[in-house]
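[1] give me the fold of what follows.
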Amino acid sequence: MKKSVITALTAAMVITLSSITAFAAPSATVPAAETPAVGTAVEAVASPEAYDAATTVSTGYKETAVSATTVKSASVATQNIILNNLDKLGDPTIAQAAADPKKTVSAIVRTVVDVTPAGATKNAAGNYEFTLSCNYIGTGRVYVLHYLEKSKSWEILVPKAATKGAVTIESATLSPFAVVELNVASVAAPATSPKTGETLPAALMFIVIGAAGAVVCTKKVLA
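    Residues are numbered from 1 along each chain as shown. Sure thing, here's the model as predicted:
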């Protein structure tokens, strides 16, 4: 009798553990990092737990934390397929800024979470449509990276709508999504020391003025 109970409990535990493994989001493959394009930079990203805590999703969907590997993968993909291809994203302002030596384009991975359906169904176009809300999202140019499980790669999605703190996404499949914000900043001009040839005339002028003053004072005393 005891053996039967133990066997039954063991089988139940195996089934439970198998179910948990099946629902766990797999980690994304980290691609090889390409050389950063001149005038661009990926800024520091947060932890999976921080992204999960700061992000919510529309009713009918569920968002969960991804792995640290997936966050790293999204960061590398941001450099490889967004910053290194600014001229192909359809935003000439950003591309021109990257080509300007006086400006720099930085990309910030605002959030990375896994999205799954929780009652939601696809729209008439055959896509899922949902909104990710996150206070980290600012007012810069926003793109979305979507991880494709079959090809083990990221694709770029132009959001259906993007405002400060929220982005609406339409996608045929659900899996990890990363919200990337691009910002343009001016590069501070380095301080330059005046050339010797430029300062010498000024120094000589002061010496001449000083000498002339001394002569005038001497004449007055002698008079």
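[2] flag every buried residue along stretch 53-73.
    Buried positions in stretch 53-73, judged by neighbour count with 16 or more other CB atoms under 10 Å: 54-55, 57-58, 61, 63-67, 70-73. Where C-beta positions appear, they are placed from N, C-alpha and C, glycine not excepted.
[3] please apply the same query to stretch 69-89.
    Neighbour counts over stretch 69-89 (16+ other CB under 10 Å) mark 70-84, 86, 89 as buried.
[4] thinking again about what came up before, greatest separation within the buried residues of stretch 53-73: which pair is it?
    Farthest pair in the buried residues of stretch 53-73 (CB to CB) is Ser58 and Lys72. Separation: 26.9 Å.
[5] next, count neighbours for the closest residue to Ala166 other than its chain neighbours.
    Nearest non-adjacent residue to Ala166, counting by CB to CB, 6 or more residues apart in numbering: Ser133, 4.6 Å away. Ser133 has 17 neighbours, counted by other CB atoms under 10 Å.
[6] in a strand, Ser133, correct?
    Yes. Assessed by DSSP: H, G, I helix; E, B strand; the rest coil, Ser133 belongs to a strand.
[7] list the contacts of it.
    Applying CB atoms under 8 Å, 6 or more residues apart in numbering, we find Ser133 in contact with Thr55, Thr56, Val57, Gly165, Ala166.
[8] my guess is the third one meets Cys134, correct?
    This means Val57. No. If you go by CB atoms under 8 Å, Val57 and Cys134 don't touch, sitting 9.8 Å apart.
[9] who touches the most centrally placed residue in the chain in this structure?
    Here the mean C-alpha position of the chain is nearest to the C-alpha of Ile108 (CA atoms, centre = their mean), at a distance of 2.0 Å. Applying CB under 8 Å, 6+ apart to Ile108 gives the contacts Val42, Glu43, Val45, Tyr136, Gly138, Gly140, Val180, Glu181, Asn183.
[10] shaky segments in the protein?
    1-25, 189-223 (pLDDT under 70).
[11] what about the strands in it?
    Listed in chain order, the strands found in the chain under DSSP state E are 40-42, 55-57, 61-65, 103-117, 128-134, 141-148, 153-157, 161-163, 166-171, 176-186.
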